[in-house]
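K.L.:
I need the structure of the sequence given here:
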Amino acid sequence: MIKSFFFGIFLLIYANSFSQTFKNDSVKSFIDTSINLVRSHAVDTSNITSIESTLYSKSKDLNSVSDLAPLYTEVFELLKDHHGALKYKGRTYGWNKPTNSVNAYVKNQLKTEKSVVSLVIDKTIAYIRIPGNDDFSFKKVDSIANDITSHINKVNSAKIKAWIIDLRVNTGGNMYPILLGLKEFIGSDHIVFGGFRNSKGESSGKWEIRDGKMLIDGIELDRKTQLKIPIKKDIPVVILTSCYTASAGEMTAISLIGRKRTYIVGEPTADYTTAVQGFRINEDAGLNLSTDYVTDRNSKIYKSSIQPDIEVLQGDNLENLKKDKKILKALELLNRQTKVSNTTEKFR
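P.N.:
Got it, this is the predicted structure:
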């Protein structure tokens, strides 16, 4: 997920406390600028002293910045930031955080799952599967949001009693069009349904619906395709997650957490719950840094994976949903919810 991607030119004003003599002044200048950026913007700077020590001690005899760049793999590990990276001359140097979770089936499906899928299960449960996207330049917001809404219209009717929103193959991208497509599920007017917190715990952006418009960090999002039938208020919703649900996929799940009668079924997510911003070092390089943590509508801060309400590991079958263990668990949960709702209606 990209909160914003802005490159600014920073003058070197940082006087470091290390006094080594460098073989190449451009290497030292590069380090000084990058450390200053990290200190000013990274969401977690608890290891900044170790970062300084590592970079200065390992680079004083290097011949060029090209030799320096690989050291930033360790820098991002010390930052505990596997969402960010150093971009240098077309190459990326970041921390490939080891994962304890692997889902071979879903990982294989990521190769082909590129389009939204929607259908009706058992005549009363609407299902929509939303993959990740590559809209990092914000050129596809309209088309992606309208496509999601068109699929909702395709399966929505007066008979629908509950929804399954499947984010198992949503590995990230631009969250804006996904949230816009799901606006009516997220809530009605005058609701703040999420936002960002910086390293000091201060609000650094909010997601809200106001006067029928969705606003993300003050940016107003408008959707051309409208719903043909309204989404019923507080209709039960199950969100499906996998260990590959990441970034924009995680933001989408968080946007719905705290909504009434909403549940997450599946696997803990991939742990990319930070907002990333880009900062220019020079004409060849820039740092992408995790600058903010995400919060839900109840102001809970997410510093790691989203934990499901009901954990279901493996057992996925997107070709035959009737044999998909996460779908079966979702249906079991939703059937209980709709029975309770029907009983309540009878006694009103």
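
K.L.:
residue 328 and residue 105: what is the separation?
P.N.:
According to CB to CB, to the nearest Å, residue 328 stands 15 Å off from residue 105. Bear in mind the C-beta positions are built from the backbone N, C-alpha and C, glycine included.

K.L.:
neighbour count: these two, which is higher?
P.N.:
For residue 328 versus residue 105, neighbours defined as other CB atoms under 10 Å are more numerous around residue 328 (16 against 13).

K.L.:
for the more buried one, helix, strand, or coil?
P.N.:
helix (DSSP: H, G, I helix; E, B strand; the rest coil).

K.L.:
for it, give me its contacts.
P.N.:
Contacts for residue 328 (CB atoms under 8 Å, 6 or more residues apart in numbering) come out as residue 322.

K.L.:
cool, residue 213 as well?
P.N.:
220, 221, 222.

K.L.:
and it, its phi and psi?
P.N.:
phi -110, psi 140 (degrees, to the nearest 10).

K.L.:
tell me how far it lies from residue 189.
P.N.:
Applying CB to CB, the value for residue 213 to residue 189 is 9 Å.

K.L.:
ok, residue 234 next?
P.N.:
Distance from residue 234 to residue 189, by CB to CB: 15 Å.

K.L.:
repeat for residue 166
P.N.:
Relative to residue 189, and taking CB to CB, residue 166 is found at 27 Å.

K.L.:
what about these two, which has more around it?
P.N.:
Remark: of residue 166 and residue 189, residue 166 carries more neighbours, 30 against 10, as counted by other CB under 10 Å.

K.L.:
isn't residue 259 up against residue 182?
P.N.:
No. The pair residue 259 / residue 182 is not scored as a contact, 10.6 Å apart, by CB atoms under 8 Å.

K.L.:
between the two, which is the more surrounded one?
P.N.:
Shown here are residue 259 and residue 182; by other CB under 10 Å, residue 182 has more neighbours (23 against 19).

K.L.:
OK, contacts around that one?
P.N.:
The contact partners of residue 182, by CB under 8 Å, 6+ apart, come to 148, 165, 252, 255, 256.

K.L.:
now, these that are in helices?
P.N.:
Counting by DSSP state H, the contacts of residue 182 place 148, 252, 255, 256 in helices.

K.L.:
now the helices for the stretch 1-150 of the chain?
P.N.:
25-41, 48-59, 65-68, 72-78, 104-109, 141-155 (DSSP state H, counting those that start in this stretch).

K.L.:
residues in contact with the shortest one: which ones?
P.N.:
Residues from elsewhere that reach helix 65-68 (CB under 8 Å, 6+ apart): 26, 27, 30, 31, 55, 59, 62, 88, 89, 284, 285.

K.L.:
for the fourth one, same thing?
P.N.:
Defining contact as CB under 8 Å, 6+ apart, one finds that helix 72-78 is touched by 34, 38, 47, 50-51, 54-55, 82, 84-86, 93-97.

K.L.:
if you rank the contacts of residue 213 by neighbours, which is first?
P.N.:
For these, the largest neighbour count, defined by other CB under 10 Å, is 17 neighbours, found at residue 221.

K.L.:
that one contacts residue 178, doesn't it?
P.N.:
No. Using CB under 8 Å, residue 221 is not in contact with residue 178, being 10.8 Å away.

K.L.:
anything in contact with each of these two?
P.N.:
Contacts common to residue 221 and residue 178, judged by CB under 8 Å, 6+ apart, are residue 145.

K.L.:
coming back round to it: is it possible to get JSON lines of the contacts of residue 182 that adds neighbour count, pLDDT and distance to residue 272?
P.N.:
As requested, the contacts of residue 182 are arranged in JSON lines below (neighbours: other CB atoms under 10 Å; pLDDT from 0 to 100; distance: CB to CB, whole Å):
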{"residue": "148", "neighbour count": "23", "pLDDT": "98", "distance to residue 272": "21"}
{"residue": "165", "neighbour count": "23", "pLDDT": "98", "distance to residue 272": "19"}
{"residue": "252", "neighbour count": "25", "pLDDT": "98", "distance to residue 272": "12"}
{"residue": "255", "neighbour count": "26", "pLDDT": "98", "distance to residue 272": "15"}
{"residue": "256", "neighbour count": "23", "pLDDT": "98", "distance to residue 272": "17"}
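
K.L.:
list just the nearest of those residues to residue 333.
P.N.:
residue 165 (13.4 Å; CB to CB).

K.L.:
ok, that closest one to residue 85 distance?
P.N.:
For residue 165, the distance to residue 85 - CB to CB - is 30 Å.

K.L.:
same question for residue 177.
P.N.:
Residue 177 is 24 Å from residue 85, where distance means CB to CB.

K.L.:
neighbour count: the two, which is higher?
P.N.:
Comparing residue 177 with residue 85 by other CB under 10 Å, the one with more neighbours is residue 177, at 25 against 22.

K.L.:
leaving out the residues flanking it, which one is nearest to that one?
P.N.:
Distance criterion CB to CB, 6 or more residues apart in numbering; nearest residue to residue 177, sequence neighbours excluded, is residue 144 at 3.6 Å.

K.L.:
that neighbour touches residue 170, doesn't it?
P.N.:
No. In this structure residue 144 lies outside contact range of residue 170 using CB under 8 Å: 11.8 Å.
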